[in-house]
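[1] Sequence and computational prediction follow.
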Number of protein chains: 2
Amino acid sequence: MLHHDYPGQVCSIAKALEVIGERWSLLIVRDVMNRRRRFDELQKGLGIARNVLSARLQRLVDEDILERRPYQESPERYEYFLTEKGLDLWPALIALLAWGDRHSPSPGGPPMLIVHKKCGGSVNDRGICEACGIELHARDARALPGPGLPSEGSAATATPAR
Amino acid sequence: MLHHDYPGQVCSIAKALEVIGERWSLLIVRDVMNRRRRFDELQKGLGIARNVLSARLQRLVDEDILERRPYQESPERYEYFLTEKGLDLWPALIALLAWGDRHSPSPGGPPMLIVHKKCGGSVNDRGICEACGIELHARDARALPGPGLPSEGSAATATPAR
DNA sequence: GGCCCAGGTTGCTTGAAGCAACTCATGTCG
DNA sequence: CGACATGAGTTGCTTCAAGCAACCTGGGCC
């Protein structure tokens, strides 16, 4: 991704993609949304190169999508949290998730389910609770492992060195 | 983007991004949605390298997101159309557009407006018509130039060689 | 003293994206 | 008739981002 921008494009989709269209960025946001907040945790979970993760986190912090907060001192250790701007990416992630579920289905069903925290109802591709009928936001929903998620054992054999 | 995949990720967001997370892919889909269907038209509009556009179009056709159809013979000339799978990306594009509008606003307002074809009502970040209250799909909506779009003249001076 | 952990940084290699030039079949201008 | 234009690419070369492995720092564990 040269220069990570789209010169000459005057469009909010292009502007959004300049920030979160880089490889790995949205997956990092997804993981932080699912309470993966630490460097090593993200690195191992994603299988991303450490230098690239470092660069992405820095960019996401610069863009005010993530916030870096120390959780202990000496040695200093940090966690990453989503800002409001980062949380606002939730509808886009939900739309992509639904598209992936629909058009590249996993055998055994979706590997991740999104449910409304209050009522447990499932969330559709617009981020609307099917039970309540209301538009949800990031904090209203939770991700759960779905039926298509490989179990610990089979995941280990499927990706042995990871 | 090495190998254009995310090995070890069992998640529909990751699977979606393997296909449409490559640089330029979503912008190509956006343009085809807005009736830009031909190679040169896309190339000039996006300012993308011709070999890269060629590769992206091929990939999008392979993934059944676009369809390549001849519109004349001798010499053979082609147009690209969205398949149902491609049209289903509309909610994701709308979500990204809304996020870009909200968090990286253009001076003068949004450069692109999405309206419900039937009633002219504006469409929110969930792809719902604010007037009718119903969930829309790609074919129900139309993109219009917004107040933040630079005029022909200023666009030409802003990007002289493009 | 040797090892582990967390959170990175450095250096090198590979491969994707940018750029310019070329092709090929037709159509059009003067 | 030759010159140029159009559309849809392809080829070759260069540059920059991503992958990979090794290293660093500051502390704790035994």
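    Received, thanks. Numbering: from 1, shown residues only, chains lettered A, B, ... in the order given.

[2] which residues touch the residue nearest to the spatial centre of chain A?
    The residue lying closest to the centre of chain A (C-alpha atoms, centre = their mean) is residue A:30, at 0.8 Å. Listed by C-beta atoms under 8 Å, 6 or more residues apart in numbering or on different chains, the contact set of residue A:30 reads A:93, B:11, B:13. The way it works is simple: take the backbone N, C-alpha and C, and place the C-beta from them, glycine included.

[3] Now, these that are in helices?
    Among these, the members falling in helices (DSSP state H) are A:93, B:13.

[4] Output the contacts of residue A:30 as JSON lines; include the columns neighbour count and pLDDT.
    Formatted as JSON lines, the contacts of residue A:30 follow (neighbours: other C-beta atoms under 10 Å in any protein chain shown; pLDDT from 0 to 100):
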{"residue": "A:93", "neighbour count": "23", "pLDDT": "98"}
{"residue": "B:11", "neighbour count": "25", "pLDDT": "92"}
{"residue": "B:13", "neighbour count": "26", "pLDDT": "96"}
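
[5] Of the contacts of residue A:30, just say which sits nearest to DNA strand C.
    residue B:13 (18.6 Å; C-beta to the nearest atom of the strand).

[6] From residue B:35, how far off is the spatially closest residue to residue A:88 that is not a sequence neighbour?
    Excluding the flanking residues, the one nearest residue A:88 by C-beta to C-beta, 6 or more residues apart in numbering or on different chains is residue B:99, at 5.8 Å. As judged by C-beta to C-beta, to the nearest Å, residue B:99 and residue B:35 stand 24 Å apart.

[7] Could you do residue A:102 as well?
    Relative to residue B:35, residue A:102 is positioned 25 Å away (C-beta to C-beta).

[8] next one: residue A:18
    Taken as C-beta to C-beta, the span from residue A:18 to residue B:35 is 24 Å.

[9] So between the two, which is more surrounded?
    Shown here are residue A:18 and residue B:35; by other C-beta atoms under 10 Å in any protein chain shown, residue A:18 has more neighbours (19 against 10).

[10] can I assume that one sits in a helix?
    Yes - according to DSSP: H, G, I helix; E, B strand; the rest coil, residue A:18 belongs to a helix.

[11] My read is that it contacts residue A:11, right?
    No - counting by C-beta atoms under 8 Å, residue A:18 sits too far from residue A:11 to count as a contact (10.5 Å).

[12] residue contacts, the nearest residue to residue A:105 once chain neighbours are set aside?
    In this structure, residue A:105 finds its nearest non-sequential neighbour in residue A:148, 7.8 Å apart by C-beta to C-beta, 6+ apart. Shown in contact with residue A:148 (C-beta under 8 Å, 6+ apart): A:105-111, B:10.

[13] which one of these sits closest to DNA strand C?
    Nearest to DNA strand C among those, with distances taken as C-beta to the nearest atom of the strand, is residue B:10, at 21.6 Å.

[14] is it possible to export the contacts of residue A:148 to TSV including distance to DNA strand C, secondary structure and pLDDT?
    What follows is the contacts of residue A:148, written out as TSV (distance: C-beta to the nearest atom of the strand, whole Å; DSSP: H, G, I helix; E, B strand; the rest coil; pLDDT from 0 to 100):
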residue	distance to DNA strand C	secondary structure	pLDDT
A:105	26	coil	91
A:106	24	coil	90
A:107	27	coil	90
A:108	30	coil	90
A:109	31	coil	91
A:110	28	coil	94
A:111	25	coil	93
B:10	22	coil	80
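
[15] Buried among these? Need that as a selection in PyMOL.
    Only the buried entries of the contacts of residue A:148 go into this PyMOL selection, using 16 or more other C-beta atoms under 10 Å in any protein chain shown:
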select buried, (chain A and resi 106+110+111) or (chain B and resi 10)
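
[16] Distance to DNA strand D for the contacts of residue A:30 - can I get that in a markdown table?
    Output for those, formatted as a markdown table (distance: C-beta to the nearest atom of the strand, whole Å):
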| residue | distance to DNA strand D |
| --- | --- |
| A:93 | 19 |
| B:11 | 16 |
| B:13 | 16 |
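
[17] Quick check: which element contains residue A:102?
    Here residue A:102 sits within helix A:90-103, counting by DSSP states H and E.

[18] Tell me the gap between the helix or strand following that helix and the middle of its chain.
    Moving toward the C-terminus from helix A:90-103, the next helix or strand (DSSP H and E) is strand A:112-116. Centroid separation for strand A:112-116 versus its chain: 13 Å, with C-alpha atoms, centre = their mean, to the nearest Å.

[19] What of stretch A:72-82?
    Distance, centroid of stretch A:72-82 to centroid of chain: 20 Å (C-alpha atoms, centre = their mean).

[20] Can it be said to contact DNA strand D?
    Yes - using C-beta under 7 Å from any atom of the strand, stretch A:72-82 reaches DNA strand D at A:74-75.

[21] Now do that stretch, average pLDDT.
    Regarding stretch A:72-82, the rounded mean pLDDT is 91.

[22] Can I take it that the residue nearest to the centre of chain A is in a helix?
    Yes - the assignment for residue A:30 (three-state DSSP) places it in a helix.
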